[in-house]
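Visitor: quick one, fold the following:
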Amino acid sequence: MSLQRILERLEREKAERIKQIEEEYEKRFQELAKAERERFNAWKEEQLKKLEQTIANEEYAILSRERLFFKSELTKIENEILEQVKQKLIDAIVKLPNDVYTRIWESLVERENLSEARITLAKGESKLDLEKLKRKYNLSVAEQKIEAKGGFVAEKEQFVIDLTLDTLVNETVENNLSQIARILRGEA
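Guide: I've put the predicted structure just below:
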């Protein structure tokens, strides 16, 4: 074989080998690039899910704070309305004719069996027919007065019963609170 042919053959083998190596490296590069793209896409999906979860958590937290604020404000308004209702009830009772007003407390004295009790009047009490109550139920009246808008506190034996207008109205409202709340919320 001539040297020329050997060189040509070596040149062809070299070119084939280079082409084979380039193809192998191209194939490895494509496989590596594909694996990296898949890894990157998986990471991107994971980050997207984390971001979506973070956004959902933040939205939930914001909505919860808003709901809490709304409920807090609603409770304040309801409490203010309840206080207004109590005051209107007290005002309505105080505006009753004296005989009707006195009959309310007569029925309470009878219901609680307070004959011969000692009563302490409310500072705001001016409508009761005190002489009638004292005679009819043999009540004694304390000199001091208590802070209330009407009515009295009765003491008999070891029992003390608060029959002040404030307490009676508060108890009435408390006993009917669920019904009042339904009315306030427009559910009744």
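
Visitor: and the helices in this protein?
Guide: Ranges of helices in the chain, per DSSP state H, are 3-94, 98-111, 130-137, 165-175, 177-184.

Visitor: pLDDT score assigned to Ile81?
Guide: We have a pLDDT of 88 for Ile81.

Visitor: around it, how many other residues sit close by?
Guide: Ile81 has 14 neighbours, counted by other CB atoms under 10 Å. Quick note: C-beta positions are derived from backbone N, CA and C, even for glycine.

Visitor: what about the residue nearest to the spatial centre of the chain, distance to Ser64?
Guide: Central residue of the chain (CA atoms, centre = their mean): Lys71, 4.8 Å from the mean position. In this view, Lys71 and Ser64 are 10 Å apart by CB to CB, to the nearest Å.

Visitor: for Lys14, same thing?
Guide: 73 Å.

Visitor: and the nearest residue to Thr172 once chain neighbours are set aside, what does it touch?
Guide: What sits nearest to Thr172 in space, not counting adjacent residues and going by CB to CB, 6 or more residues apart in numbering, is Leu89, at 7.2 Å. Contact analysis of Leu89 by CB atoms under 8 Å, 6 or more residues apart in numbering lists 169, 172-173.

Visitor: nearest to Ala56, of the residues you listed?
Guide: Val173 (42.2 Å; CB to CB).

Visitor: does the closest one touch Gln87 like I think?
Guide: No: here Val173 does not reach Gln87: they are 10.7 Å apart, not a contact under CB atoms under 8 Å.

Visitor: more neighbours: these two, which one.
Guide: Taking neighbours as other CB under 10 Å, Val173 and Gln87 compare with Val173 leading, 15 against 12.

Visitor: how about the nearest residue to that one, chain neighbours excluded?
Guide: Looking at Val173 with CB to CB, 6+ apart, the closest residue is Lys86, at 5.6 Å.

Visitor: do you know how far that neighbour is from Val100?
Guide: Counting by CB to CB, the gap from Lys86 to Val100 is 20 Å.

Visitor: got the buried residues for the helix or strand bottoming out on mean pLDDT in the chain?
Guide: Every helix and strand in the chain was compared by mean pLDDT, DSSP states H and E; the lowest is helix 177-184, with a mean of 82. Going by neighbour count (16 or more other CB atoms under 10 Å), the buried part of helix 177-184 is Ile180.
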